[in-house]
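Undergrad: Have a look at this prediction, sequence included:
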Amino acid sequence: MTLANTCDVAIIGGGTAGCAAAVHLRRAGMQVILVERDRCGGGASGVNFGGVRTQGRNPVELPLAIRSRAIWSTLNELLGEDVEFDATGHLKLARSPADMAELEAYALLAREAGLDLTLIGPNAIRAEVPWLGAAVVGASLAPNDGQANPRLVAPAYARLARRLGVDIREQTSVTAARRTEHGFEIDAASATITSRLLINTAGMGAAAIARLFGEEVPLEAMMPNMVVTEPVPYIATRSIGVCGGDIYIRQIPRGNVIFGGGRGGGDWMDWRSRSSTETTLTNIPKLVDIVPAFRDALIIRSWSGIDGLTPDKLPVIGPSMTTPGLLHAFGFCGSGFQLGPVIGEILAELALKGGSSSPLDAFRIDRFTQPGLAAATA
Amino acid sequence: MTLPGPPANVRRTRVVIIGAGPAGVTAAATLARHGVTPIVIDEAAKPGGQIYRQPPDGAARPPREIYGFDAAKATRIHGLFKDLQSAAKIDYRSQTLVWNITRNEQRFRLDLLHNGVQATLDADKIILATGAVDRALPFPGWVLPGVFTLGAAQIALKSQGVAIGRRVALIGAGPLLPLLVNQYLAVGIKPVAALDVAPFIAKLRAFGGLAAQPATLLKGAYYTARAAALGCAITSNVRSIRALGDSRVTGLAYATADGKTHEIACDGIAASFGLRSESQLADLAGCRFEFDNASRQWQPLRDRVGRSSVSGVYIAGDGAAIGGADVAELAGEQAALALLDDGGTPTSVERRHTLDRALRRQSRFRRALESAYPFPAHLVANIPDGLIICRCEGITAGQLRDSIARRHPTDVNRLKAFSRLGMGRCQGRMCGHVGAELLAAHAGCGIVEAGRLRAQPPIKPIPLTSALATEVSS
Amino acid sequence: MTAQFKQNQQTHGAALLVRIKPRTSALVRFTIDGRPATAHIGDTILTALLLNQAHVRDFEFGGSQRAGFCLMGACQDCWVRLRSGPRVRACTALIEETMAICTEGRAV
Ligand SMILES: Cc1cc2nc3c(=O)[nH]c(=O)nc-3n(C[C@H](O)[C@H](O)[C@H](O)COP(=O)(O)OP(=O)(O)OC[C@H]3O[C@@H](n4cnc5c(N)ncnc54)[C@H](O)[C@@H]3O)c2cc1C
Ligand SMILES: Cc1cc2nc3c(=O)[nH]c(=O)nc-3n(C[C@H](O)[C@H](O)[C@H](O)COP(=O)(O)OP(=O)(O)OC[C@H]3O[C@@H](n4cnc5c(N)ncnc54)[C@H](O)[C@@H]3O)c2cc1C
Ligand code: FES
């Protein structure tokens, strides 16, 4: 069988964003080819912390995150398999009165954006969450947030896409892309793929793709540091974050405790990343302060991964400003796992209808080159 | 263009040897002889490695009792190390686990755990002499209390003066089996079964190559013959094994080549099927690996004298490729000479040639040994669905097959991501190779495509509390 | 002491390991899940446990028990807990006077 190299939509990058977009486009009848450098879900989407969190996001991101959260509730049905989504709720902890004030202020902003948070004061926190350490003086609870198994989600989207008829080409890098009279041409291994529309969901590789079309995004590699312990008794029934964001913790019912925070290291140009011992050792006392019962656990594994970080810590989502028919979604700054499902829907809307029902102004790609824009949306 | 670096005498090159088995000890002695003082790190409390493992204080016995034929060698290696130590020719760090290596420009950073406390060490050059572990293969009942590896059955005797039972069944696919039968006989425990899963014919065919090391061959033949003479003949070509029992081992069922099944009562089973190099640190240091068909395992690439693919990292002994204690000694010296040579220290050309010749002879013997004890593929071919493959996480063959069928992992790391195989405390030491075999069988890919589990730090568990009081050495 | 050993045998199954000759080193008193037991200087925790009973620890996933496997610090199937909290690898750590060993499962 020879592969047809012509399609309606070509997608570069098979993370959650790209794979979810492929599913929705295919369901709408599009011919889709997705090209992935490694394996679908082998990038940030497959190695992240697994936090499905709306709380703490920049309010301009909340409409997307809230919409995405609704999809998470139905994801198992959509994908036809269990991706271990668990609506544990997310507690953001205050470790000082200043932190508590920050949580209160954020709760007001969040409410305006449609996200209801419950503030928990110093006495209530002891009573309601007895496994937290004395360092915690209060918290804000997002009851609908949760966690999922990142190793399963993007591959599940990819398999669904394949079942629906998307042509997925793994271990194939896109090395060049250009606009033609009728659409696009991309070079992927020995093939040249032609498409009417082109979607750039190449994660940390996306800035290079955007540059091919004259769009500069100052993307930095972000490699969060991840550690997991052996199974210990299941007590941390809620996902944990803190003001300052320096540590985040979750436990799965099997007992393993996963904690992240700070950065690992590596070389994104080679797509290599690794945990950093310094960071791991710095995070441990914080973990033990927050959940003292974990103190005697053993660490069994650590790792990192590569996401794109933008200067304003917001992603790029939306149409190209130079090239009609080109759509971007990247630079998720360490919180794009939760957004993945909605990004797929939004990219499909943009491709099919030329617009989205979600507000995307803050995510314009030209905000970095036109300083006025960035200021206006911040 | 050459950049002006610091003159050689300003900062001494720091050489770290990881492992104080025969390979590490001879490497250390060789460096010391040439005026280099290496740091020797070993997780164990005393030097000697696996074969020359020393019992803890309080459990000591005469060397002859512990090491049998190898007592003289053991005593020599221990003595050599002691001399190096007392002459301050080495800096020995016992009970120290190296749990991570990272490359940092031209140097390496080692993360250490000692006395429950974290430390780091920088190194310019590293000799990895990390040895091997038993190659375990799952069989029904293998997680029952009372089932151990062959190595464990030996360590119990050597280091603790205990046997794994009174009615012991020993099962293997390698020269360790006849040795162990004799070691148990020597302490007055006559194994109730001694089963070899390799066919006898393979041993006959390999005879020519085995004759390359007549002494070792004789020793093996002696062990086998003596076992038979004492009423414990080794049964070859065993097709399947099953440990029986509810909460502990009470028996063993096995099938022989003639199609008959046998059931015997026993209270201890030791089974393993050759050895596997302990190569996680090489992986973390960035060394490239290749698949060795004969031993059916991945090995860090190295040149004839022990240079890995990473400049500054040398590998010797069983940690590079399974070769046994004598090879480990030679290879340790050879790697140390290569390291010295690369650093511009003059070494004896003659000695290097001698080592080279000896190791070549050994490698002919080794190849023959590998064909005498081929990988027992029949044991992994028909693993029942209910059998636990990953001991740590309790993942069964059925779960793996289901994952393979539904999620289409393309290599064993993907299989790990989907199924949790190898995600437990042992990091896949006991199951990674089996996962790859299952994947190859069910996805129809080759064993090479199925790949190997990538190492991730820490290579062995480290307590969180180790970071609550950090001590940093340079 | 003999009575205690008998009781251990009755309630917790006979020992898994067998000493090949009597140990002359000093006696060590310790506890297994609160029950007094003895071993000798030079015994690993695993040896000490398996000379008194037939398992080292409860397996976290399911109702079974484990008794170590490799005895060389590779399989990690022998981690137990001291009552004071710390985790110890039974096959590589030595038994000490007054150690209180917990073999009972704590997870799920
Ligand atoms: C360690 C870590 C922890 C995180 N924790 C969380 C969390 O708890 N919650 C959360 O919401 N988010 C988290 N994130 C962020 C989240 O994982 C990412 O934002 C999200 O997965 C991004 O998805 P993506 O599809 O855009 O990118 P990716 O998953 O990175 O996918 C992009 C893909 O494009 C491919 N590619 C790149 N260049 C090319 C090319 N030229 N040709 C073909 N293919 C190419 C790559 O191989 C890659 O697979 C974390 C990220 C990391 C790294
Ligand atoms: C259980 C067992 C029993 C064996 N019995 C025999 C036998 O009776 N006869 C025989 O010929 N061969 C035997 N072998 C094969 C044996 O391994 C070799 O013959 C010989 O011991 C290899 O020497 P080596 O120096 O390469 O490694 P080893 O002797 O295995 O020494 C490696 C050393 O490195 C240390 N180490 C490894 N990783 C780390 C780390 N990350 N941090 C710190 N220290 C580390 C270990 O503690 C160990 O002391 C046995 C192997 C095993 C596993
Ligand atoms: S028995 Fe394998 S690590 Fe202790």
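TA: Everything's here; your move. Ligands and ions are numbered 1, 2, ... in the order given.
Undergrad: can we go C-alpha only for contacts and neighbour counts from here?
TA: Fine.
Undergrad: Do a quick rundown of the strands in the stretch 251-378 of chain A.
TA: A:257-263, A:265-267, A:272-274, A:298-303, A:307-309, A:316-319, A:326-330 (DSSP state E, counting those that start in this stretch).
Undergrad: do the same with chain C
TA: For chain C, the strands defined by DSSP state E occupy C:18-19, C:27-32, C:35-40, C:57-58, C:65-66, C:79-82, C:87-89, C:100-102.
Undergrad: Which one, of the strands of the stretch 251-378 of chain A, ends up nearest to B:Thr216?
TA: strand A:298-303 (39.9 Å; Cα to Cα).
Undergrad: The closest one packs against which elements?
TA: strand A:224-229, strand A:272-274, strand B:462-463 (3 or more Cα pairs under 8 Å, 6 or more residues apart in numbering or on different chains; DSSP states H and E).
Undergrad: out of those strands, which comes closest to ligand 3?
TA: strand B:462-463 (13.0 Å; Cα to the nearest ligand atom).
Undergrad: Now the longest helix seen in chain A: buried residues?
TA: Longest helix in chain A by number of residues (criterion: DSSP state H): helix A:336-353. Burial within helix A:336-353, assessed by neighbour count using 16 or more other Cα atoms under 10 Å in any protein chain shown, is assigned to A:336-351.
Undergrad: same check, this time on stretch A:104-117
TA: For stretch A:104-117, by 16+ other Cα under 10 Å, it's A:Glu104, A:Tyr106, A:Ala107, A:Ala110, A:Leu115, A:Asp116, A:Leu117.
Undergrad: Over to stretch A:156-164?
TA: For stretch A:156-164, burial by neighbour count (16+ other Cα under 10 Å) applies to A:Ala156, A:Tyr157, A:Ala158, A:Arg159, A:Leu160, A:Ala161, A:Arg162.
Undergrad: what about it, near ligand 1?
TA: No. Applying Cα under 6 Å from any ligand atom, one finds stretch A:156-164 out of contact with ligand 1, separated by at least 11.0 Å.
Undergrad: The one residue sitting closest to the centre of chain C: what's it in contact with?
TA: Centroid-nearest residue in chain C: C:Leu49, 2.1 Å away (criterion: Cα atoms, centre = their mean). Residues in contact with C:Leu49 (Cα atoms under 8 Å, 6 or more residues apart in numbering or on different chains) are C:Ile32, C:His55, C:Val56.
Undergrad: One more: A:Ala210?
TA: By Cα under 8 Å, 6+ apart, the neighbours of A:Ala210 are A:Asn200, A:Glu216, A:Val217, A:His328.
Undergrad: returning to that earlier point: between the buried residues of helix A:336-353, which is closest to B:Ser295?
TA: A:Phe337 (41.8 Å).
Undergrad: Enumerate the positions of the helix or strand bottoming out on mean pLDDT in chain B that are buried.
TA: Ranked by mean pLDDT, DSSP states H and E, the helix or strand of chain B with the weakest confidence is helix B:207-210, at a mean of 76. Within helix B:207-210, the residues that count as buried by 16+ other Cα under 10 Å are B:Phe207, B:Gly209, B:Leu210.
Undergrad: Residues in contact with that helix: which ones?
TA: B:Leu217, B:Arg364, B:Phe365, B:Arg366, B:Arg367, B:Ala368, B:Leu369.
Undergrad: who's in contact with whichever helix or strand comes after that helix?
TA: As assigned by DSSP states H and E, the chain's next helix or strand after helix B:207-210 is helix B:214-229. Helix B:214-229 is contacted by residues B:Pro175, B:Pro178, B:Leu179, B:Val181, B:Asn182, B:Leu185, B:Leu210, B:Ala211, B:Ala233, B:Ile234 when judged by Cα under 8 Å, 6+ apart.
Undergrad: Touching, the fourth one and B:Leu170? I think so.
TA: Just to be clear, that refers to B:Val181. Yes. Assessed by Cα atoms under 8 Å, B:Val181 is found in contact with B:Leu170 at 7.2 Å.
Undergrad: what residues are shared contacts of those two?
TA: B:Pro191, B:Ala194.
Undergrad: The one helix or strand A:Arg67 maps to packs against which elements?
TA: Using DSSP H and E, the element containing A:Arg67 is helix A:62-72. Packing contacts for helix A:62-72, counted by 3+ Cα pairs under 8 Å, 6+ apart, involve helix A:336-353.
Undergrad: Could you pull up the residues touching whatever residue of chain B ends up closest to chain A?
TA: Closest approach between chain B and chain A, counting by Cα to the nearest Cα: B:Pro463, at 4.2 Å. Neighbour list for B:Pro463: A:Asp296, A:Ala297, A:Leu298, A:Ile299, B:Gly116, C:Arg87 [criterion: Cα under 8 Å, 6+ apart].
Undergrad: what bits of chain A have low per-residue confidence?
TA: By pLDDT under 70, the weakly predicted segments of chain A are A:1-3, A:371-378.
Undergrad: I'd like the next helix or strand past the longest strand seen in it.
TA: In chain A, assigned by DSSP E, the strand with the most residues is strand A:191-200. Going down the chain from strand A:191-200, the next helix or strand is helix A:206-211, by DSSP H and E.
Undergrad: low-confidence ranges in chain B?
TA: Checking chain B against pLDDT under 70 turns up B:1-11, B:470-474.
Undergrad: per-domain residue ranges of it.
TA: Domains of chain B are assigned by automatic domain parsing as B:8-133+B:276-347, B:136-273, B:383-450.
Undergrad: and the first one, anywhere near ligand 2?
TA: To tie it back to what came earlier, the one meant is domain B:8-133+B:276-347. Yes. Counting by Cα under 6 Å from any ligand atom, ligand 2 is contacted by domain B:8-133+B:276-347 at B:18-24, B:41-44, B:49-51, B:96-99, B:129-133, B:317-319, B:324-325, B:328.
Undergrad: Just the ones in strands from the residues you listed, please.
TA: Using DSSP E, these in strands are B:Ile18, B:Ile41, B:Thr96, B:Leu97, B:Val98, B:Trp99, B:Ala132, B:Val133.
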